[in-house]
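*Asks:* what's the 3D shape of this:
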Amino acid sequence: HNPLFYNVLHNEFKKDKFKKYFLKKKGDGEHELVSQRNDSPFSYHLFLKTEIETAIETDQLKKYHFNYLRNILEKTSTFLGYDNWGELLFEITEGNPEPYITRIINISSHSKHSGDEIAELLDDDKRVLNYLLKGLKEKYHFK
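*Replies:* As a prediction, this is how the structure comes out:
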(Lines give C-alpha, C1' and ligand atoms only; values in the text may rest on other atoms or scores of the structure.)
Protein backbone atom coordinates (compact mmCIF):
# COMPACT_ATOMS: atom_id res chain seq x y z
CA HIS A 1 0.00 0.00 0.00
CA ASN A 2 2.57 2.54 1.05
CA PRO A 3 6.13 2.70 -0.32
CA LEU A 4 7.53 4.01 2.98
CA PHE A 5 5.89 1.17 4.92
CA TYR A 6 7.36 -1.35 2.47
CA ASN A 7 10.77 0.30 2.83
CA VAL A 8 10.64 0.01 6.63
CA LEU A 9 9.60 -3.65 6.49
CA HIS A 10 12.25 -4.45 3.90
CA ASN A 11 14.97 -2.89 6.04
CA GLU A 12 13.77 -4.66 9.19
CA PHE A 13 14.08 -8.01 7.41
CA LYS A 14 17.55 -7.41 5.95
CA LYS A 15 18.96 -10.74 6.95
CA ASP A 16 19.60 -13.12 4.07
CA LYS A 17 17.30 -15.73 5.56
CA PHE A 18 14.28 -13.54 4.75
CA LYS A 19 12.97 -13.38 1.21
CA LYS A 20 11.14 -10.26 0.11
CA TYR A 21 8.21 -10.19 -2.30
CA PHE A 22 5.44 -7.94 -3.42
CA LEU A 23 2.09 -8.83 -4.94
CA LYS A 24 1.66 -7.50 -8.46
CA LYS A 25 -1.71 -7.34 -10.20
CA LYS A 26 -1.48 -8.43 -13.82
CA GLY A 27 -3.54 -7.05 -16.70
CA ASP A 28 -5.85 -10.06 -16.74
CA GLY A 29 -6.82 -9.50 -13.09
CA GLU A 30 -4.65 -12.33 -11.79
CA HIS A 31 -1.92 -11.68 -9.23
CA GLU A 32 1.73 -12.64 -9.22
CA LEU A 33 4.18 -12.85 -6.33
CA VAL A 34 7.35 -11.08 -7.48
CA SER A 35 10.74 -11.28 -5.79
CA GLN A 36 12.03 -7.89 -4.64
CA ARG A 37 15.72 -7.33 -3.96
CA ASN A 38 15.83 -3.60 -3.17
CA ASP A 39 13.90 -1.47 -0.71
CA SER A 40 12.14 0.68 -3.31
CA PRO A 41 9.86 -1.43 -5.49
CA PHE A 42 7.43 1.38 -6.17
CA SER A 43 7.88 4.17 -8.63
CA TYR A 44 4.66 5.96 -7.87
CA HIS A 45 5.04 8.51 -10.66
CA LEU A 46 5.35 5.66 -13.18
CA PHE A 47 2.26 4.02 -11.71
CA LEU A 48 0.34 7.28 -12.14
CA LYS A 49 1.61 7.62 -15.70
CA THR A 50 0.39 4.12 -16.50
CA GLU A 51 -3.00 4.90 -14.94
CA ILE A 52 -3.38 7.97 -17.17
CA GLU A 53 -2.25 6.04 -20.26
CA THR A 54 -4.78 3.30 -19.55
CA ALA A 55 -7.54 5.89 -19.10
CA ILE A 56 -6.57 7.52 -22.41
CA GLU A 57 -6.58 4.18 -24.23
CA THR A 58 -9.97 3.20 -22.83
CA ASP A 59 -11.49 6.69 -23.10
CA GLN A 60 -12.03 6.76 -19.34
CA LEU A 61 -10.21 10.00 -18.49
CA LYS A 62 -11.64 11.73 -15.45
CA LYS A 63 -10.91 14.95 -13.64
CA TYR A 64 -8.70 13.22 -11.08
CA HIS A 65 -6.27 12.25 -13.83
CA PHE A 66 -5.19 15.91 -13.92
CA ASN A 67 -4.30 15.49 -10.25
CA TYR A 68 -2.21 12.46 -11.22
CA LEU A 69 -0.49 14.55 -13.88
CA ARG A 70 0.22 17.32 -11.40
CA ASN A 71 1.74 14.77 -9.01
CA ILE A 72 4.01 13.53 -11.82
CA LEU A 73 4.97 17.11 -12.70
CA GLU A 74 5.75 17.92 -9.06
CA LYS A 75 7.93 14.84 -8.58
CA THR A 76 9.71 15.36 -11.89
CA SER A 77 10.37 19.05 -11.27
CA THR A 78 11.77 18.31 -7.80
CA PHE A 79 14.01 15.59 -9.22
CA LEU A 80 15.29 17.92 -11.97
CA GLY A 81 15.87 20.81 -9.55
CA TYR A 82 13.14 23.15 -10.74
CA ASP A 83 11.54 25.49 -8.22
CA ASN A 84 8.05 25.03 -9.62
CA TRP A 85 6.32 22.31 -11.61
CA GLY A 86 5.00 24.99 -13.95
CA GLU A 87 8.53 25.35 -15.31
CA LEU A 88 8.15 21.89 -16.83
CA LEU A 89 5.10 23.11 -18.74
CA PHE A 90 7.33 25.72 -20.37
CA GLU A 91 9.64 22.93 -21.51
CA ILE A 92 6.87 20.54 -22.57
CA THR A 93 5.03 23.17 -24.62
CA GLU A 94 8.24 24.43 -26.26
CA GLY A 95 8.14 27.77 -24.49
CA ASN A 96 4.44 28.44 -24.98
CA PRO A 97 2.47 27.25 -21.95
CA GLU A 98 -1.03 28.60 -22.42
CA PRO A 99 -2.55 29.99 -19.20
CA TYR A 100 -5.44 27.56 -19.75
CA ILE A 101 -3.12 24.59 -19.25
CA THR A 102 -1.91 25.71 -15.83
CA ARG A 103 -5.44 26.74 -14.87
CA ILE A 104 -7.01 23.37 -15.77
CA ILE A 105 -4.34 21.50 -13.80
CA ASN A 106 -4.82 23.76 -10.77
CA ILE A 107 -8.62 23.72 -10.89
CA SER A 108 -8.72 19.97 -11.34
CA SER A 109 -6.44 19.26 -8.42
CA HIS A 110 -7.41 21.97 -5.90
CA SER A 111 -11.09 22.73 -6.12
CA LYS A 112 -12.99 24.04 -3.10
CA HIS A 113 -16.36 24.32 -4.80
CA SER A 114 -18.71 21.36 -5.02
CA GLY A 115 -19.79 22.49 -8.49
CA ASP A 116 -16.24 21.85 -9.66
CA GLU A 117 -16.37 18.22 -8.55
CA ILE A 118 -17.80 16.90 -11.82
CA ALA A 119 -15.68 13.89 -12.71
CA GLU A 120 -16.27 13.96 -16.47
CA LEU A 121 -13.91 15.86 -18.74
CA LEU A 122 -14.69 17.85 -21.84
CA ASP A 123 -13.06 16.63 -25.05
CA ASP A 124 -10.75 19.68 -25.03
CA ASP A 125 -9.60 18.83 -21.51
CA LYS A 126 -8.93 15.23 -22.55
CA ARG A 127 -6.91 16.51 -25.50
CA VAL A 128 -4.84 18.77 -23.22
CA LEU A 129 -4.16 15.97 -20.75
CA ASN A 130 -3.08 13.66 -23.57
CA TYR A 131 -0.89 16.41 -25.08
CA LEU A 132 0.82 17.15 -21.77
CA LEU A 133 1.48 13.51 -20.94
CA LYS A 134 2.86 12.88 -24.42
CA GLY A 135 5.08 15.97 -24.14
CA LEU A 136 6.31 14.93 -20.70
CA LYS A 137 7.17 11.44 -21.94
CA GLU A 138 8.98 12.75 -25.01
CA LYS A 139 10.87 15.61 -23.35
CA TYR A 140 12.02 13.65 -20.30
CA HIS A 141 12.20 10.19 -21.89
CA PHE A 142 9.67 8.44 -19.67
CA LYS A 143 9.22 4.82 -20.60
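*Asks:* Tell me who's in contact with the closest residue to Lys137 other than its chain neighbours.
*Replies:* In space, and not counting its chain neighbours, Lys137 is closest to Lys49: 7.6 Å by C-beta to C-beta, 6 or more residues apart in numbering. Glycine gets a C-beta too; all of them are placed from N, C-alpha and C. Applying C-beta atoms under 8 Å, 6 or more residues apart in numbering, one finds that Lys49 lies in contact with 68, 72, 133, 137, 142.
*Asks:* where does the second one land in three-state SS?
*Replies:* So that's Ile72. Ile72 falls in the helix class when you classify it by DSSP: H, G, I helix; E, B strand; the rest coil.
*Asks:* and the closest residue to it other than its chain neighbours, what helix or strand is that in?
*Replies:* The shortest distance from Ile72 to any non-neighbouring residue, by C-beta to C-beta, 6+ apart, is to His45 (4.9 Å). Assessed by DSSP states H and E, His45 sits inside helix 44-57.
*Asks:* try Lys126
*Replies:* Lys126 belongs to helix 123-140 when assigned by DSSP H and E.
*Asks:* what distance separates that helix from the centre of its chain?
*Replies:* Distance, stretch centre to chain centre, for helix 123-140: 13 Å (C-alpha atoms, centre = their mean, to the nearest Å).
*Asks:* Give me the residue at the spatial middle of this structure.
*Replies:* With distances taken as C-alpha atoms, centre = their mean, Leu48 lies nearest the centre of the chain, 2.8 Å away.
*Asks:* distance of that residue from Asn96?
*Replies:* To Asn96, Leu48 is 25 Å away according to C-beta to C-beta, to the nearest Å.
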